[in-house]
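*Asks:* My questions are about this predicted structure, shown below with the sequence.
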Amino acid sequence: MDNSNLDMSLIKHIRRFILIAITAIAITDPYILFADCPQNNFTVTGFQLRDQNGNPFSVTDDYKLGDQVNGELWVMLGGSSTNGYNMRFFFDVYINGTKTQEDQYNCLFPGRQAQQNVWWPVRDFSWKWGDVVDIKDIFIHWDTGSAQPGTSCIVSDKNNINSQCYGNLNGYTAAVPLFPKFNFLSNGICNTTIQFSSQTIGGTPPFNYTFAWDFAGLGTAIGTNPLFNFPSSGTYTIGLTANDGTTITTIYKDIFIDPNFGIQVDIFPTKINEDSGIIYVQSVTGGTPPYTFSWVGPNGFTSSSRDIFNLSDGVYTLTVTDTNGCNQTVSYELDIASVLSFTWESIELFNDFDQTTIRWTVPSETEDCYYEIERSHGDASNFVPVGLVPGEVGQGTSTVYEYSDSSFPRFEDSFYYRIVRRSGEQSSISPVKMIQSKGNSERKNSWILYPNPAHGDNVYLKYLGEHNSGPLQIDIYNTGTFLGSFRIPSFSSERIDLKSLLPNLPKGLILIRIQSETGIETIQLINRN
């Protein structure tokens, strides 16, 4: 054989081997494969994560780190031509740097011309709030020419290509907007030094955030986890500004530093030209009781009482402090109400062993009205209605009303009454009157408790009278709460071990009600155990 012919045959074999080798490498090496997409008429310029309705997220969305999100993945295309449709779209999904989905496939723009520089939905997509989602190993190819309506992608793989294709191994991060978020942690009860921590996500990679904090105008800080000491407990508006190098976003959020006391008050405005206003503190919640109260008001007014009386119009500021020293300050405005110009000519209370009688005199009525009688025991802070009396129109120059109350607890010594006159939407409240119960104040005690205050393991109840034989009924209360009832069929003059009847007596004021054939008697015990 001619040497020249032999050389030509050898060259052909070498070329064939090289072509086979290149093809094999191209199949196994994506970089070589993507090199066969020279035109890039269409390119991918970015991805977005959106909510399940296809709407972009905003800083008002209330997600927390780790929350499951069921939303959508969107893509934006670039390039030099719109001469394509039925776009086959391949990609891999990485969550926080780990590949979770490989060779995913979607058909974009089926039967319609592909669009560039607009966001377009790819598929439904789920992830956890705060995850970094990367779309990599991207490969697309398409049909060229004018779109053919009614057609769709012919399913293929990444090896079925021509020059009308695009590839990108590194891909893009699927972005959400810059979300400044933060959490905070108190360092114990009544400690106003608060630890803040940023939970910001989103924005532009590589997510090199900087932070600026505004603590309700009381101070500022920078950094991810600042510590700030507030002057007292209460509510504060905190601002966090996050900067990812491309976007700057600020959010504001209210924080509540415990104890944030719940203080409920009733306010009764003063009469015209009088100092007759009243503020009752009906309840305090939060913190640790017992509470102390400190009031300041106009004209040098101060008080440490829970409820304040005989007030002029103006602003009254209350500071409530609990047993741990935590405090909260609130202000109330007491105005002048002409409806309270109603005159209470007189209010009298009378008491015997069974009932209290309230008698009041007012000017003759000229309009329909009625009177609610309210009672509070222990102090003037817990008024509840106990009766109602209809008004009488046109009964002369003055009208006298009377109501008898027999429903009060027999073991209480002091009662407070007030009357509320109501006519349509208008109301007027009377001065508060206090009365001692004769049932307790005028009765000579026949029973004693010892030791009192109690400070040991035993508390004894002993009868001091001359004659008493059973049965006995003993009822035990703790500031109005029923604890137990005990009946002794036959009783002599021996002492009774009270703790044998109720071993777990609560600490504080205990009321012992004893009913025997000689009458009913109530004794107070202070239990310090």
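*Replies:* Thanks, I have it.

*Asks:* what's around Ala114, how many residues?
*Replies:* 22 (other C-beta atoms under 10 Å). Backbone N, C-alpha and C define where each C-beta goes, glycine included.

*Asks:* err, Thr343, not the other one
*Replies:* 11.

*Asks:* got it, and Gly150?
*Replies:* For Gly150, using other C-beta under 10 Å, the count is 7.

*Asks:* ok, how many other residues are close to the closest residue to it other than its chain neighbours?
*Replies:* Nearest non-adjacent residue to Gly150, counting by C-beta to C-beta, 6 or more residues apart in numbering: Gly111, 5.4 Å away. For Gly111, the neighbour count with other C-beta under 10 Å is 15.

*Asks:* and Gly111, what pLDDT?
*Replies:* What the model reports as pLDDT for Gly111 is 92.

*Asks:* One more: Asn5?
*Replies:* 53.

*Asks:* Same question for Lys136.
*Replies:* With respect to pLDDT, Lys136 has a value of 94.

*Asks:* going forward, begin numbering at 7 instead of 1
*Replies:* Right, with 7 as the first residue, what we last looked at is Lys142.

*Asks:* Quick check: Gln119 vs Asn89, distance?
*Replies:* Gln119 sits 8 Å away from Asn89, going by C-beta to C-beta, to the nearest Å.

*Asks:* count of neighbours near Gln74?
*Replies:* So Gln74, with other C-beta under 10 Å, has 9 neighbours.

*Asks:* Paired strands for the strand or helix carrying Ile285, with orientation please.
*Replies:* Secondary structure assignment for Ile285, by DSSP states H and E: strand 283-291. Under the criterion DSSP bridges, strand 283-291 sits next to strand 268-274 (antiparallel), strand 314-317 (antiparallel) in its sheet.

*Asks:* do you know which of those lies nearest Glu280?
*Replies:* strand 314-317 (9.0 Å; C-beta to C-beta).

*Asks:* Which positions within the helix or strand just after the closest one qualify as buried?
*Replies:* Toward the C-terminus, strand 314-317 is succeeded by strand 320-327 as the next helix or strand (DSSP H and E). Under the neighbour-count criterion of 16 or more other C-beta atoms under 10 Å, strand 320-327 has Tyr322, Leu324, Val326, Thr327 buried.

*Asks:* Save the residues you listed as CSV, and put in distance to Thr363 and pLDDT too.
*Replies:* Output for the buried residues of strand 320-327, formatted as CSV (distance: C-beta to C-beta, whole Å; pLDDT from 0 to 100):
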residue, distance to Thr363, pLDDT
Tyr322, 34, 93
Leu324, 35, 92
Val326, 37, 90
Thr327, 40, 88
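
*Asks:* and of those, the nearest to Pro127?
*Replies:* For these, the nearest to Pro127 is Val326 (55.6 Å; C-beta to C-beta).

*Asks:* helix or strand for the residue nearest to Gly156, which one?
*Replies:* Using DSSP H and E, Gly117 falls in strand 104-119.

*Asks:* Do you have the strands of the stretch 407-535 of the chain handy? List them.
*Replies:* 420-429, 432-435, 439-442, 453-456, 466-469, 478-484, 487-494, 502-503, 514-522, 525-533 (DSSP state E, counting those that start in this stretch).

*Asks:* can you redo these as a markdown table with mean neighbour count and mean pLDDT?
*Replies:* Listed next are the strands of the stretch 407-535 of the chain as a markdown table, based on neighbours: other C-beta atoms under 10 Å; pLDDT from 0 to 100:
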| stretch | mean neighbour count | mean pLDDT |
| --- | --- | --- |
| strand 420-429 | 20 | 83 |
| strand 432-435 | 18 | 79 |
| strand 439-442 | 15 | 74 |
| strand 453-456 | 16 | 78 |
| strand 466-469 | 18 | 82 |
| strand 478-484 | 18 | 80 |
| strand 487-494 | 12 | 77 |
| strand 502-503 | 16 | 83 |
| strand 514-522 | 18 | 79 |
| strand 525-533 | 17 | 76 |
